[in-house]
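Novice: structure for the following, please:
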Amino acid sequence: MLSRARRLHPTLQRILRPVPPPAHPPPPPSPPHRPVFSQTPKPFFPFLRRHLSTKPPPPQAPPEKSLAPANVSSDPPAVSANGLCPGCGIAMQSSDPSLPGFFSLPSPKSPDYRARLAPVTADDTRISASLKSGHLREGEAAAAASSSSAAVGVGVEVEKEGKKENKVVVCARCHSLRHYGVVKRPEAEPLLPDFDFVAAVGPRLASPSGARSLVLLLTDASDFDGSFPRAVARLVAAAGEAHGSDWKHGAPANLPRALLVVTKLDLLPTPSLSPDDVHAWAHSRARAGAGGDLRLAGVHLVSAARGWGVRDLLDHVRQLAGSRGNVWAVGARNVGKSTLLNAIARCSGIEGGPTLTEAPVPGTTLDVIQVDGVLGSQAKLFDTPGLLHGHQLTSRLTREEQKLVRVSKEMRPRTYRLKPGQSVHIGGLVRLDIEELTVGSVYVTVWASPLVPLHMGKTENAAAMVKDHFGLQLQPPIGQQRVNELGKWVRKQFKVSGNSWDVNSKDIAIAGLGWFGIGLKGEAVLGLWTYDGVDVVSRNSLVHERATIFEEAGFTVSKIVSQADSMANRLKNPKKINKKKDNKANSSPSTDPESSNPVEAVDA
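Specialist: Numbering: from 1, shown residues only. Modelled structure (predicted):
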């Protein structure tokens, strides 16, 4: 019977297994009218077996083999050997859930955790006939029925092939960030340890002896000057000046190298940009940020989300690091270090995939984490905590306010044509005043998150805007009480010039927010107002284009503005709103409890 089934059914030929010879002499043969089932292998799903005998099948003991798929491990997940969270690098502890680094091991799964399955009866209409007969597809059931009844009732054991998934335990904070994108216990964030890169890693980088160090200076393309790690770049430049000529005297001169990596390139309007122009622009801005003495080994424009430039970056890093070098990924908070390193790990073919925690929350990585297996040989790659830049606006905003400011999609221009005496607000964070012009007007293009509302109006009404609209129509800050919490409102003056009306010539960049693109053919004196301590710089334009359709005076159309307007109308005219509610109630008919005739409601 078994050989006939194998010959007639190709599907069964692949999954049936030969039966081992019995250890004892076989029992006497059964009568010829009774089918023999004792020589068939046990099915993988016992409830799918179907007997053709008129007698009920003999009771069988539950299978000893686990019914769990082969790619699911019943072993409990393991904690890292060094006691540090592999997602953020913090020391893990299991005693106090309110403290950083808390973790809990999930309960281990027994080998038969999926064996408690309800039996399927012959009259169950929810299960198809093919599954009841032990076949996974209707075609197999039809082929089995048309060929011969000898194959029906033959049990089949199916084992899924796959690798066991080695799960690693992470802290509760990383688990919440990975799966929900939020911090589980915000009240514990002030207890997180501070990391000073210059103090912790600086002496190792500045030392001319030991393994060579390669520093990846990561910078956000949408906030280049605000996110550029100036302190680390100046440290590398100072080490080169101090020990650059030591080799002439026979002393070790293994100086650190720096590689500029511009991340999140997909946020810029790439169709209108030339890679060569962006490359040269980024190189000049990096040297200016480091004081002019920084020597870069190269500049890479990458996008971890799209995979742009990751392979070229990995090849260049391997070349510069050699077989025993140390590579340090350094950048401001939320610049995308962990996301880029995970993309590099995937590109290098690391088995098991990325492990670093990715989340749109600043300060995801809390300590230095070594990423193994990426560079090969004895070279090491380290992910470092994000540097806290106090000169960025995002460093003083709340989580909800940061969501409004954060750029997550390709930036789009919003252009105004302004004259002297007019101003543009970006939320309640920045105001640009046109104070003097040698020409009639100037084009101002705003490059910022589309969630932040804008306003264009007269400069003489600026004081009223702060009093009446900051925290309401102009967010962030969210709420009028937050306006005073952000600090003092200060002014900075800039003198700019241009030689074309068609393109932007200069940028006024605000750290942590975005920039204004200025286009004019002449000269202008601009006044920029923002909170004290926020860094603002003037630079050559990164993006020269502007919008084809200009914005109009007043507020831009946004959900924030409409909600604030609705709330303001309710506060100003509560009597009208109550009157509308009363009129609506009066117009609706009601039923007299003493009669079935409908009557209208009468005001008391």
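Novice: and stretch 389-405, end to end?
Specialist: This stretch, stretch 389-405, spans 16 Å end to end (CA to CA, to the nearest Å).
Novice: in that stretch, what's buried?
Specialist: Within stretch 389-405, the residues that count as buried by 16 or more other CB atoms under 10 Å are 389, 392, 393, 394, 395, 396, 397, 401, 402, 404, 405. Every residue, glycine included, has its C-beta placed from N, CA and C.
Novice: can you list contacts of that stretch?
Specialist: Residues outside stretch 389-405 that contact it (CB atoms under 8 Å, 6 or more residues apart in numbering): 182-183, 186, 223, 226-227, 332-334, 360-362, 388, 406, 427, 429, 448-449, 451-452, 475-478, 482, 486-487, 510-513, 530-531, 533-535, 560.
Novice: pLDDT on it, on average?
Specialist: For stretch 389-405, the mean pLDDT works out to 90.
Novice: do the same with stretch 477-492
Specialist: Here stretch 477-492 scores 91 as its mean pLDDT.
Novice: for stretch 299-317, same thing?
Specialist: The model assigns stretch 299-317 a mean pLDDT of 94.
Novice: with stretch 438-449 instead?
Specialist: Stretch 438-449 carries an average pLDDT of 96.
Novice: would a markdown table of the buried residues of stretch 389-405 with distance to residue 102 be doable?
Specialist: Converted to a markdown table, the buried residues of stretch 389-405 look like this (distance: CB to CB, whole Å):
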| residue | distance to residue 102 |
| --- | --- |
| 389 | 29 |
| 392 | 29 |
| 393 | 32 |
| 394 | 27 |
| 395 | 26 |
| 396 | 28 |
| 397 | 27 |
| 401 | 27 |
| 402 | 24 |
| 404 | 30 |
| 405 | 30 |
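Novice: show me the two of these that sit farthest apart.
Specialist: In those, two members sit farther apart than any others by CB to CB. They are 389 and 404, at 18.9 Å.
Novice: span of stretch 422-430 from start to end?
Specialist: One end of stretch 422-430 to the other measures 14 Å (CA to CA).
Novice: make that stretch 385-402, sorry
Specialist: With CA to CA as the measure, the ends of stretch 385-402 fall 19 Å from one another.
Novice: again, but for stretch 453-462
Specialist: Calculated as CA to CA, the first-to-last residue distance of stretch 453-462 is 16 Å.
Novice: before we move on, the earlier item: now, which of the buried residues of stretch 389-405 lie within helices?
Specialist: 401, 402, 404, 405 (DSSP state H).
Novice: how about these in CSV, adding distance to residue 339?
Specialist: As requested, these are arranged in CSV below (distance: CB to CB, whole Å):
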residue, distance to residue 339
401, 22
402, 17
404, 21
405, 19
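Novice: count of neighbours near the residue nearest to residue 443 when sequence neighbours are not counted?
Specialist: The shortest distance from residue 443 to any non-neighbouring residue, by CB to CB, 6 or more residues apart in numbering, is to residue 519 (4.0 Å). The number of residues packed near residue 519 is 23, by other CB atoms under 10 Å.
Novice: same check on the one 3 residues further on?
Specialist: Neighbour count of residue 522, defined by other CB under 10 Å: 15.
Novice: show me what contacts it?
Specialist: Shown in contact with residue 522 (CB under 8 Å, 6+ apart): 437, 438, 439, 497, 498.
Novice: for those, give me a markdown table that also has distance to residue 200, neighbour count and secondary structure.
Specialist: Listed next are those as a markdown table, based on distance: CB to CB, whole Å; neighbours: other CB atoms under 10 Å; DSSP: H, G, I helix; E, B strand; the rest coil:
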| residue | distance to residue 200 | neighbour count | secondary structure |
| --- | --- | --- | --- |
| 437 | 50 | 18 | strand |
| 438 | 51 | 12 | coil |
| 439 | 52 | 13 | coil |
| 497 | 44 | 13 | strand |
| 498 | 45 | 20 | strand |
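Novice: which one of the residues you listed is nearest to residue 106?
Specialist: For those, the nearest to residue 106 is residue 498 (61.5 Å; CB to CB).
Novice: for the closest one, name its beta-bridge partners.
Specialist: Residues in a beta bridge with residue 498, per DSSP bridges, are residue 522.
Novice: wait, a strand at residue 494?
Specialist: Yes. Using DSSP: H, G, I helix; E, B strand; the rest coil, the assignment for residue 494 is a strand.
Novice: so it sits against residue 539, correct?
Specialist: No. In this structure, residue 494 is not within contact of residue 539 by CB atoms under 8 Å, at 10.6 Å.
Novice: where does the stretch 451-600 of the chain have low pLDDT?
Specialist: The model of the stretch 451-600 of the chain has pLDDT under 70 over residues 568, 571-572, 574-600.
Novice: okay, buried residues for stretch 334-353 please.
Specialist: Neighbour counts over stretch 334-353 (16+ other CB under 10 Å) mark 334-345, 347-348, 350 as buried.
Novice: swap in stretch 231-239?
Specialist: 232, 233, 234, 235, 236, 237, 238, 239.
Novice: from those, which land in helices?
Specialist: Those of those lying in helices (DSSP H): 232, 233, 234, 235, 236, 237, 238, 239.
Novice: now distance to residue 178 and pLDDT too, for these, in TSV please.
Specialist: Converted to TSV, those look like this (distance: CB to CB, whole Å; pLDDT from 0 to 100):
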residue	distance to residue 178	pLDDT
232	28	91
233	31	92
234	35	91
235	32	89
236	33	89
237	37	89
238	38	86
239	37	84
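Novice: from those, which is closest to residue 373?
Specialist: Distances from residue 373 to these, taken by CB to CB, are shortest for residue 232, at 25.3 Å.
Novice: ok, the closest one touching residue 215?
Specialist: Yes. With contact defined as CB under 8 Å, residue 232 counts as touching residue 215 (6.5 Å).
Novice: what sits in contact with each of the two?
Specialist: Joint contacts of residue 232 and residue 215 (CB under 8 Å, 6+ apart) are residue 330.
Novice: isn't residue 370 up against residue 382?
Specialist: Yes. Counting by CB under 8 Å, residue 382 is a contact partner of residue 370 at 5.6 Å.
Novice: more neighbours, these two?
Specialist: residue 382 (18 against 14).
Novice: tell me the strands beside the helix or strand harbouring that one, with direction?
Specialist: Assigned by DSSP states H and E, residue 382 belongs to strand 380-383. Under the criterion DSSP bridges, strand 380-383 sits next to strand 326-330 (parallel), strand 369-371 (antiparallel) in its sheet.
Novice: thanks again, I'm all set now.
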